[in-house]
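*Asks:* Coordinates for the following, if possible.
(chains A and B)
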Amino acid sequence: MSQAQPRTVSAAPALPASWARPRGGALRAALPRLVLGLYLLFLLVPIYWLVNMSFKTNLEISSAMTLWPREPTLENYRRIFTDASWYGGYINSLKYVLLNTLISLAVALPAAYAFSRYRFLGDRHLFFWLLSNRMAPPAVFALPFFQLYGAVGLFDTPWAVALAHCVFNVPLAVWILEGFMSGVPREIDETAAIDGWSFPAFFIRLFLPLVAGGVGVAAFFCFMFSWVELLLARTLTTVNAKPIVATMTRTVSAAGMDWGLLAAAGVLTIIPGAVVIWFVRNHIARGFALGRV
Amino acid sequence: MSVALHGIAASANGGTTLHPVTLELHPGRPHVLLGPTGAGKTTLLRLLAGLDRPSAGRLLAEGQDVTGLPPRRRSVAMVYQQFINYPTLTVFENIASPLRVARLPRAEIEGRVREAARLLRLEPYLARRPLELSGGQQQRTAIARALVKRAALVLMDEPLANLDYKLREELREELPRLFAGTGSVFVYATTEPAEALLLGGQVATLSQGRLTQSGPAGAVFRRPVDLATARVFSDPPLNEAPAELRGGVLHLGGEITLPAPPGAPQSGRCTLGIRAHEISLDPLPGAVALPAKVRLAEVTGSESYVHLDVMGDLRWVALVPGVRRPEPGSSAMVHFDPRRVLLFGADGRLAAVAELAEAA
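*Replies:* The predicted structure follows:
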């Protein structure tokens, strides 16, 4: 065996030396995995800690640092799902988030199509102006919205928050969808027109499936922004439409901070985002590039 | 069904993209729009389809003015150079698309789609989606959709340009036959003179947004009305030389003269044109010989394209049979029969055609 070895080496001299695998193998091969592993660990530690805490009692959280719950309890979750002031917060949040996502998409789809397919006076400026809406901090809009909604009776309803968030989400959705739509050859629209399709039929039956990824990504971004936005949501609601993010900021009671409950609420807040991201995972990178890949 | 264009013109961004075109299109033989990229072929096709509005002129279909009619209200089908299909629909649904919109009975849709799929050999792929097919199959799907509609006007914009050689040959032969029996007006745009001749039928040549000539393919090729048409309808490019007529003799500069073709004016500046296949590197009886320098030789197998600098600075191409590989830089003589030249006046119009040029 040991004699055969040199022969096989000399039998294949064709590969340039640089093509050969670097020597000193195991550690070097493991290094990328190690770095990646550490990176993921750092990312996941806070989330793990949140989940960890949500299954602990307040006593355990405040008395000792434990890597996993010594006395696992579902009490925190039970309270959220039984106390109307808690689960009501989720329902309120979901209401305005879904409303906002639907409104944003319904408005953004035709707008994005127009920007993608037609040239009109000031189209480029208008397009950029849309995005510049996102540059203003939400606080700028809080006061006018507060006054306005109070005057027309929208205050403390899901509609108030849903409409307010449109200021940020419609431009974003238009930008994302425009990118995806511009990736569809205009000739497809023309072929459909020549085939005889009416515009609405073409748009819904032929065109929307082609930009389904973009619709998903736009929906995801609207959903996430609206879901995590705190300032407008809290300003425009009091009792009836109080969102979960607002509820979570008010957990300080006379008995001190309810850590476990807050952690459980946090976990439940992450879940919808994770679910939505699962559906658009294949398109999300393109979405971050605003559809321009 | 016939289509007539009366002074149809187009402009975009303040510039004219198509100068007024007057043309009649009839069913039966294919109509070929021939011109280089940017000549206005696509512009004209889009006007015919109704995708764009002409800036002037009227479009008549069977005597009816259809100028402003949107494409979905016209009886028209179109195939693009890019393979355009609906990616989310199956091949069957892609072909059936115009019939579904027309709400034909299910059995008839089924029958017509199967028939078109059979003609274009797409039967095994009907359940697949277009993007799972090869380029040729995708384009055949698009052609099948145009066929199945039985539109009065079928427009094809360089449909074979993105296909490989073999498929192109096959489809080029099939296309006119597929549409010949349907009673449709068949318009086919191409950049290739050879394609225009192979398809036969009527040719309309376009150059820089102008319709320069229309007529039977062979006639336009042999007797182009002007220099622009001859250039468009020539591959390899037309060989040109400035010349002067003096007393019925054509002076080519230097001491070289040749008899003017019959019908040429007695005097004046003009341009001599001769096609690449009329030039020989070997002496011919009765030929004119010009000194030249070889620039490059391209051998295609059975023919050779020899690029030459003739009489100093005229760039000519000779298409000669067999494998000829003269050394670049070497001197050569080019020979051509003076009875095969085209002569264009100073205004670019055809001045005279030598007796044998028309026979070629």
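*Asks:* who touches B:Ala161 in this structure?
*Replies:* B:Gln81, B:Thr190, B:Thr191 (C-beta atoms under 8 Å, 6 or more residues apart in numbering or on different chains). Backbone N, C-alpha and C define where each C-beta goes, glycine included.
*Asks:* how does it look with 6 Å?
*Replies:* By C-beta atoms under 6 Å, 6 or more residues apart in numbering or on different chains, the contact list for B:Ala161 reads B:Gln81.
*Asks:* Distance of it relative to B:Lys41?
*Replies:* Using C-beta to C-beta, to the nearest Å, B:Ala161 is found at 11 Å from B:Lys41.
*Asks:* what's the answer for B:Ala264, then?
*Replies:* The value you get for B:Ala264 to B:Lys41, if C-beta to C-beta is used, is 33 Å.
*Asks:* which residues are contacting stretch B:200-210?
*Replies:* B:17-19, B:29-35, B:39-41, B:196, B:211-214, B:217, B:220, B:228-229, B:232-233.
*Asks:* Next: stretch B:275-294.
*Replies:* B:236, B:258, B:308-311, B:317-320, B:326, B:328, B:330-338, B:340.
*Asks:* same thing but at 7 Å, please
*Replies:* With C-beta atoms under 7 Å, 6 or more residues apart in numbering or on different chains as the test, stretch B:275-294 has contacts from B:234, B:236, B:238-239, B:256, B:258, B:306, B:308-311, B:316-320, B:324, B:326-338, B:340, B:360.
*Asks:* Now do that stretch, average pLDDT.
*Replies:* Average pLDDT, stretch B:275-294: 90.
*Asks:* now stretch B:223-240
*Replies:* 93.
*Asks:* Show me what counts as buried in it.
*Replies:* Residues of stretch B:223-240 classed as buried by neighbour count (16 or more other C-beta atoms under 10 Å in any protein chain shown): B:223-236, B:238-240.
*Asks:* Below-threshold pLDDT in the chain: ranges please.
*Replies:* No chain specified, so I'll use chain A. Applying pLDDT under 70 to chain A picks out residues A:1-24, A:250-256, A:286-293.
*Asks:* could you do chain B instead?
*Replies:* B:358-360.
*Asks:* elements contacting the lengthiest helix in chain A?
*Replies:* Longest helix of chain A, by residue count under DSSP state H: helix A:84-117. When contacts are defined as 3 or more C-beta pairs under 7 Å, 6 or more residues apart in numbering or on different chains; DSSP states H and E, helix A:84-117 sits against helix A:75-82, helix A:158-182, helix A:212-228, helix A:244-248.
*Asks:* Flag every residue of the stretch 1-150 of chain B that's near chain A.
*Replies:* When proximity is defined as C-beta under 7 Å from any C-beta of the partner chain, the stretch 1-150 of chain B approaches chain A at B:49, B:51, B:71-72, B:76-78, B:80, B:82, B:84, B:86-88, B:97-98, B:101-102.
*Asks:* Can you list which of the residues you listed are found in helices?
*Replies:* Short answer: the residues of the stretch 1-150 of chain B next to chain A in helices (DSSP H) are B:Ala49, B:Ser97, B:Pro98, B:Val101.
*Asks:* Need the residues you listed in a markdown table (columns: distance to B:Leu133 and neighbour count).
*Replies:* Conversion of these to a markdown table gives the following (distance: C-beta to C-beta, whole Å; neighbours: other C-beta atoms under 10 Å in any protein chain shown):
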| residue | distance to B:Leu133 | neighbour count |
| --- | --- | --- |
| B:Ala49 | 25 | 21 |
| B:Ser97 | 16 | 24 |
| B:Pro98 | 20 | 23 |
| B:Val101 | 23 | 17 |
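*Asks:* secondary structure element for B:Leu308?
*Replies:* Element membership for B:Leu308 (DSSP states H and E) is strand B:303-310.
*Asks:* buried residues in the longest helix that chain B contains?
*Replies:* Secondary structure of chain B per DSSP H: the longest helix is helix B:165-180. Applying a neighbour-count criterion of 16+ other C-beta under 10 Å, one finds B:Leu167, B:Arg168, B:Leu171, B:Arg172, B:Leu175, B:Pro176, B:Leu178, B:Phe179 buried in helix B:165-180.
*Asks:* out of the residues you listed, which one sits closest to A:Leu268?
*Replies:* Nearest to A:Leu268 among those is B:Leu167, at 58.8 Å by C-beta to C-beta.
*Asks:* That closest one touches B:Gln138, doesn't it?
*Replies:* No - using C-beta atoms under 7 Å as the test, B:Leu167 is too far from B:Gln138 to be in contact (11.2 Å).
*Asks:* still on that earlier bit, quick check on the contacts of stretch B:275-294: which are buried?
*Replies:* Buried among the contacts of stretch B:275-294 (16+ other C-beta under 10 Å): B:234, B:236, B:238-239, B:258, B:306, B:308, B:310-311, B:316-320, B:324, B:326, B:332, B:334-338, B:340.
*Asks:* Identify those among those residues that sit within strands.
*Replies:* Using DSSP state E, the subset of the buried ones among the contacts of stretch B:275-294 located in strands is B:239, B:258, B:306, B:308, B:310, B:316-320, B:332, B:334-336.
*Asks:* Residue in the stretch 101-250 of chain B with the shortest distance to chain A?
*Replies:* The minimum distance from the stretch 101-250 of chain B to chain A, using C-beta to the nearest C-beta, falls at B:Val101 (4.0 Å).
*Asks:* Can you give me the neighbour number for the residue lying closest to that residue once chain neighbours are set aside?
*Replies:* Nearest non-adjacent residue to B:Val101, counting by C-beta to C-beta, 6 or more residues apart in numbering or on different chains: A:Gly196, 4.0 Å away. Neighbour count of A:Gly196, defined by other C-beta atoms under 10 Å in any protein chain shown: 23.
*Asks:* Now do A:Gly196 against B:His277, distance only.
*Replies:* From A:Gly196 to B:His277 the distance is 46 Å (C-beta to C-beta).
*Asks:* Please identify the buried residues of the host helix or strand of A:Phe145?
*Replies:* Using DSSP H and E, A:Phe145 sits within helix A:138-152. Residues A:Pro138, A:Phe141, A:Ala142, A:Phe145, A:Phe146, A:Leu148, A:Tyr149 are the ones in helix A:138-152 that count as buried (16+ other C-beta under 10 Å).
*Asks:* How many neighbouring residues does the closest residue to the second one other than its chain neighbours have?
*Replies:* Same thing as A:Phe141. Among residues not flanking A:Phe141 along the chain, A:Val167 sits closest, at 6.0 Å (C-beta to C-beta, 6+ apart). A count of nearby residues for A:Val167, using other C-beta under 10 Å, gives 16.
*Asks:* wait, A:Val167 sits on A:Asn133?
*Replies:* Yes - counting by C-beta under 7 Å, A:Val167 touches A:Asn133, with 6.0 Å between them.
*Asks:* so which of the ones in strands among the buried ones among the contacts of stretch B:275-294 would you say is closest to B:Arg114?
*Replies:* Closest to B:Arg114 out of those is B:Leu319 (45.4 Å), distances taken as C-beta to C-beta.
*Asks:* which ones are touching that closest one?
*Replies:* B:Pro236, B:Ala276, B:His277, B:Glu303, B:Tyr305.
*Asks:* Mind doing that once more with 10 Å?
*Replies:* Contact analysis of B:Leu319 by C-beta atoms under 10 Å, 6 or more residues apart in numbering or on different chains lists B:235-236, B:275-280, B:298, B:300, B:303-306.
*Asks:* and what of B:Pro237?
*Replies:* Listed by C-beta under 10 Å, 6+ apart, the contact partners of B:Pro237 are B:Ala230, B:Arg231, B:Arg275, B:Ala276, B:Arg315, B:Trp316, B:Val317.
*Asks:* Name the pair among the residues you listed with the greatest separation in space.
*Replies:* Using C-beta to C-beta, those span at most 15.9 Å, a distance reached by B:Ala230 and B:Arg315.
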